[in-house]
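> quick one: sequence plus predicted model below, questions after.
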Amino acid sequence: MSSVLVVGYDPQAIPGGDGEALGAALDAELVRFGEQGIDAAVALVVFDESAASVLAASLTERPWDVVVVGGGIRKTEQLLPLFEQTVNLIRRHAPQAAIAFNTGIGDSVEAAQRWL
C-alpha cells in the first residue's frame, strides 16, 4: 500500500480562518485517500520553533512514498522561510519520497497520485 504524508499549516493557527471547517476538510481528504487504497497521514505545523521538530518526527515516522506540501505553506509569502524549511527537511529525512504540491486541501489525493 502506498503511503502519503500531507504537510499543512495548522488551520487552528490561521488568524480569522475557520479552523473547524478546514479541519473537517482535512479529515474528508484522508477518507478520500483511504478510498483510493492509499495510507495517508497529516502533519500540521505553525510558523515557530516547533515546526522543524514536528516535521522531522512526521517524516521519519515511516518511509513515505510521497509528501504533499499544502498550499497554505507554499502560497503565503510570509511563510516562505517555512516552505523552504519544509522542502529541505523532506530532502533530509525522506529522500526516497516524491514531493507533490496541492492547490488546496481538496486536491491532495490528486497531487499525490501524480507521483504514485
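Arrived safely, thanks for sending. Numbering: from 1, shown residues only.
> could you give the mean pLDDT of the lengthiest helix in the chain?
Identified as the longest helix of the chain according to DSSP state H is helix 19-35. Averaging pLDDT along helix 19-35 yields 90.
> start at 819, not 1
That works, and once the first residue is 819, the last one we named lands at helix 837-853.
> for that helix, name the packing helices and strands.
On a contact count with 3 or more CB pairs under 8 Å, 6 or more residues apart in numbering; DSSP states H and E, helix 837-853 meets strand 820-827, strand 856-863, helix 926-931. C-beta coordinates here come from the backbone N, C-alpha and C atoms, glycine included.
> need these in CSV (columns: distance to Val885 and mean neighbour count).
Below are the helices and strands packed on helix 837-853 laid out as CSV (distance: least, CB to CB, whole Å; neighbours: other CB atoms under 10 Å):
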stretch, distance to Val885, mean neighbour count
strand 820-827, 5, 23
strand 856-863, 9, 20
helix 926-931, 9, 21
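> that older thread, show residues contacting the longest helix of the chain.
822, 824, 826, 829-832, 857-860, 923-924, 926-927, 930 (CB atoms under 8 Å, 6 or more residues apart in numbering).
> mind exporting it as PDB, just the C-alpha atoms?
Taking C-alpha atoms only, helix 837-853 is exported to PDB below (Å, rounded to 0.1, in the frame of the first residue of the first chain):
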ATOM      1  CA  GLY A 837     -10.200  26.100  11.800                       C
ATOM      2  CA  GLU A 838     -13.100  23.800  12.300                       C
ATOM      3  CA  ALA A 839     -14.200  23.800   8.600                       C
ATOM      4  CA  LEU A 840     -10.600  23.400   7.500                       C
ATOM      5  CA  GLY A 841     -10.100  20.500   9.900                       C
ATOM      6  CA  ALA A 842     -13.200  18.800   8.600                       C
ATOM      7  CA  ALA A 843     -11.900  19.300   5.000                       C
ATOM      8  CA  LEU A 844      -8.600  17.600   6.000                       C
ATOM      9  CA  ASP A 845     -10.500  14.700   7.600                       C
ATOM     10  CA  ALA A 846     -12.600  14.300   4.400                       C
ATOM     11  CA  GLU A 847      -9.400  14.300   2.300                       C
ATOM     12  CA  LEU A 848      -7.900  11.500   4.500                       C
ATOM     13  CA  VAL A 849     -11.100   9.500   3.800                       C
ATOM     14  CA  ARG A 850     -10.600  10.000   0.100                       C
ATOM     15  CA  PHE A 851      -7.000   8.700   0.400                       C
ATOM     16  CA  GLY A 852      -8.400   5.600   2.000                       C
ATOM     17  CA  GLU A 853     -10.900   5.100  -0.700                       C
END
